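Undergrad: Just need the structure, nothing else, for what follows:
(one chain, ligands or ions: 1)
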Amino acid sequence: MAATRPVVAQPTGFVCRPVMPTIGAEIEGLDLREALRGATLAELRRAWLRWKVLVFRGQHLSHDQHVAFARQFGNIVNPRGPAPPASDDDVPAALEPVSARAFAKNAGPAGDAGDEIDQAALQFIVNGSFSADGRSRWTVQEDRWHADFTCAIEPPAATILRAIEIPPYGGDTLWADTVAAYQALPGTLRNLMDELWAEHRFTNGAVPLDAANPGRMASENAVSVHPVVHVHPETGERALFVNPSFTRHVLWLSPRQSAIILRLLFDHLASPEFGYRLKWTPGDLVIWDNRSTVHLAPADHLEEFGTNRLLYRAMIAGSRPIGVDGTQSRAVSGPSMTEL
Ligand SMILES: [Fe+2]
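TA: Residues are numbered from 1 along each chain as shown. Presented below is the predicted three-dimensional model:
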């Protein structure tokens, strides 16, 4: 007999449909335009911590409704600082546009650093993956997995993305479960990783930061030292806390040793066993736990197919990561996330 897909009806009435064994769930039965009742919000938080990525289909929220939903999960932070992002429409300072066109525009060496994809584009340049003319159609963008702004001393706890314009094909987002990835390491490697700390930087300085609005994380080059394995502040679970977009080197190791250790972890994180891939539809809203996942948007080069991808992002304030020995992360330089 074929197994049926598990459907978990919550006591407060919504339905949670897990997608993968440890990560990703679709939530049905809630209208996010309305404020959530206390018991419902508590259930939703538990589902979010359990499944790490929650997807709400077809919500079609306004900017203000998006911000109001996000504030139920904590204070909103903006890496650009108090000034609202440059935009041609009325985007609240709490939200940032994330678009494929912005990526294409910014993929050149004098790009406008800022949002999720722009940052990845920067790293793309750092990695030297562009062809000579900078516009190779099928250049594979290597090492773009990241959690948002781990260069900051208090990286965001959550990111909330809302889809406005989604292409008929491509434009997906992928996540990987960093708790499962940690648990899947052999015990001897877990013990080693528990002991290590690593430096996270917004940029290694190789990228020209002459854009009009690069954001404070970029212009002031935020640098923090975090544990390679951190203890999740709400679940107590251990999770890998490195990513190829921000983690530059492991402390106390030689450059070669550090590169080998990080390569092992980055490849491990990208294993499909830990992954969840979302095909967006317009109106969808997703909240993910930035402390127990990494994510990436594949470089589909949508602009070359005459299509676009536009989402808006809000981020929720996080806490200073803590290693397995109870030691906290420390700031090296640069700004903190700005609470709005
Ligand atoms: Fe991101």
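Undergrad: Phi first, then psi, for G334.
TA: Summarising the backbone geometry of G334 under the convention degrees, to the nearest 10, its torsions are phi 90, psi 180.
Undergrad: So for it, what's the nearest residue that isn't a sequence neighbour?
TA: With C-beta to C-beta, 6 or more residues apart in numbering as the measure, A222 is the residue that lies nearest to G334, at 3.2 Å, once sequence neighbours are left out. Yep, even glycine has a C-beta here, placed from its N, CA and C like the rest.
Undergrad: hey, where'd the strands end up in the stretch 151-300 of the chain?
TA: Across the stretch 151-300 of the chain, reading from the start of the chain, the strands by DSSP state E, counting those that start in this stretch fall at 158-165, 173-177, 197-201, 223-227, 229-231, 238-240, 247-250, 275-278, 285-289, 293-296.
Undergrad: What strands flank the fourth one, and is each parallel or antiparallel?
TA: Just to be clear, that refers to strand 223-227. Note on strand 223-227: by DSSP bridges, its sheet partners are strand 197-201 (antiparallel), strand 330-333 (antiparallel).
Undergrad: for the protein, where's the lowest mean pLDDT among helices and strands?
TA: Of the helices and strands making up the chain, the lowest-confidence element is helix 116-126, at a mean of 41, by mean pLDDT, DSSP states H and E.
Undergrad: Test my guess that the residue nearest to G334 contacts E154.
TA: No - counting by C-beta atoms under 8 Å, A222 stays clear of E154, with 10.6 Å between them.
Undergrad: The two: who's more crowded?
TA: A222 (28 against 18; other C-beta atoms under 10 Å).
Undergrad: picking up where we left off before, can you redo the strands paired with strand 223-227 as JSON lines with mean neighbour count and distance to P227?
TA: What follows is the strands paired with strand 223-227, written out as JSON lines (neighbours: other C-beta atoms under 10 Å; distance: least, C-beta to C-beta, whole Å):
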{"stretch": "strand 197-201", "mean neighbour count": "21", "distance to P227": "6"}
{"stretch": "strand 330-333", "mean neighbour count": "14", "distance to P227": "10"}
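Undergrad: can you list those strands in JSON lines and add mean pLDDT and distance to I160?
TA: Converted to JSON lines, the strands paired with strand 223-227 look like this (pLDDT from 0 to 100; distance: least, C-beta to C-beta, whole Å):
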{"stretch": "strand 197-201", "mean pLDDT": "96", "distance to I160": "22"}
{"stretch": "strand 330-333", "mean pLDDT": "92", "distance to I160": "25"}
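Undergrad: any weak-confidence spans in the stretch 151-300 of the chain?
TA: Scanning the stretch 151-300 of the chain for pLDDT under 70 picks out 204-219.
Undergrad: Please repeat the previous calculation with a cut-off of 90.
TA: 167-170, 202-222, 245, 297-300 (pLDDT under 90).
Undergrad: For the ion, what is the nearest residue in it?
TA: Closest residue of the stretch 151-300 of the chain to the ion, C-beta to the ion: H295 (5.7 Å).
Undergrad: I'd guess R17 is in a strand, am I close?
TA: Yes - with DSSP: H, G, I helix; E, B strand; the rest coil as the criterion, R17 is assigned to a strand.
Undergrad: do you know how far the closest residue to it other than its chain neighbours is from the ion?
TA: Of all residues beyond its chain neighbours, the one nearest R17 is E26 (4.6 Å), with distances taken as C-beta to C-beta, 6+ apart. The spacing between E26 and the ion, counted by C-beta to the ion, to the nearest Å, is 21 Å.
Undergrad: Which strand or helix spans E26?
TA: Taking DSSP states H and E as the criterion, E26 maps to strand 25-28.
Undergrad: average model confidence for that strand?
TA: Predicted confidence along strand 25-28 averages 98 (mean pLDDT).
Undergrad: List the buried residues of that strand.
TA: Residues A25, E26, I27 are the ones in strand 25-28 that count as buried (16 or more other C-beta atoms under 10 Å).
Undergrad: contacting residues around the second one?
TA: Contacts here follow C-beta atoms under 8 Å, 6 or more residues apart in numbering; on that basis E26 touches C16, R17, V19, L54, V55, F56, R57.
Undergrad: I160 versus the fifth one, what's the distance?
TA: Pointing back at V55 there. When distances are taken as C-beta to C-beta, to the nearest Å, V55 and I160 turn out to be 11 Å apart.
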